[in-house]
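In: Below is the sequence, then the predicted model.
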Amino acid sequence: MGFAQALKLVLELEGGFEDNRLDPGGETVAGITRASYEEFCRLTGARGAERFPGLSQSEIAAFYRWYWDSQRVYDAESGGRRALLEMVPEPADAALFQWAVNSGWGVAVRGLQAALLVAPDGVVGPVTMRALRAFNGRGEELKTRILAAQMMHLGDSHGPQWPFFEGIANRVIRTEKTL
């Protein structure tokens, strides 16, 4: 998959401008909250925060490229820090990315760890990296596990009465069908 395909998936799932008073994220454009976009601009020097919610496609893509690369972990094999999603086999990378876009990196990383059957502590260290390397060449299986973990998290943390339950469940189903 890689970034381009994952971005395409996220944009298909997210839609345009939303401002649902029940959504704790507040205003969003293509799944990007105003606060997240302002943080991106502050950290990268990008411009456009004043145009929110009228972001261009290139501004949206630049944000998501930054978000894709933002979860960096130490990779003992290369001896440096790399984007986590570079090390997640395809198409599991896109499944994990859409979860991070929807719920944040903290939740998505713990979900990845649950899918890898390691302690979901939110820290991608040597144990998580070893388990992740064991899935090289098995991206389909890991994708299925990530999506199952996302559904379990949805049920455990919110339940079917939550106003966004059905929408997020449908997102997981659409991700499975698309990938």
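Out: Arrived safely. For clarity, every value in this text was computed on a predicted model and none was experimentally measured.

In: ok, the nearest residue to residue 83 once chain neighbours are set aside to residue 100 distance?
Out: Nearest residue to residue 83, sequence neighbours excluded (Cβ to Cβ, 6 or more residues apart in numbering): residue 69, at 4.6 Å. Bear in mind the C-beta positions are built from the backbone N, C-alpha and C, glycine included. Going from residue 69 to residue 100 by Cβ to Cβ, to the nearest Å gives 12 Å.

In: Residue 35 too?
Out: Using Cβ to Cβ, residue 35 is found at 16 Å from residue 100.

In: between the two, which one's more packed in?
Out: residue 100 (24 against 12; other Cβ atoms under 10 Å).

In: In this structure the more buried one contacts residue 111, no?
Out: No: with contact defined as Cβ atoms under 8 Å, residue 100 and residue 111 do not form a contacting pair (9.0 Å).

In: got the contact list for the lowest-mean-pLDDT helix or strand in the chain?
Out: Least confident helix or strand, the chain: strand 17-18 with a mean of 83, by mean pLDDT, DSSP states H and E. Identification of contacts with strand 17-18 by Cβ atoms under 8 Å, 6 or more residues apart in numbering yields 27, 28, 29, 53.

In: mind listing what the most centrally placed residue in the chain touches?
Out: Closest to where the C-alpha atoms of the chain average out (Cα atoms, centre = their mean) is residue 100, at 2.2 Å. Residue 100 sits next to 67, 71, 107, 108, 109 when contact means Cβ under 8 Å, 6+ apart.

In: circling back: may I have the strands that pair with the least confident helix or strand of the chain, each with its orientation?
Out: strand 28-29 (antiparallel) (DSSP bridges).

In: What is the subsequent helix or strand relative to the partner strand?
Out: Heading C-terminal from strand 28-29, the first helix or strand you meet, by DSSP states H and E, is strand 32-33.

In: other SSEs contacting the helix or strand following that next one?
Out: Reading on from strand 32-33 to the C-terminus, the next helix or strand found by DSSP H and E is helix 34-44. On a contact count with 3 or more Cβ pairs under 8 Å, 6 or more residues apart in numbering; DSSP states H and E, helix 34-44 meets helix 57-70.
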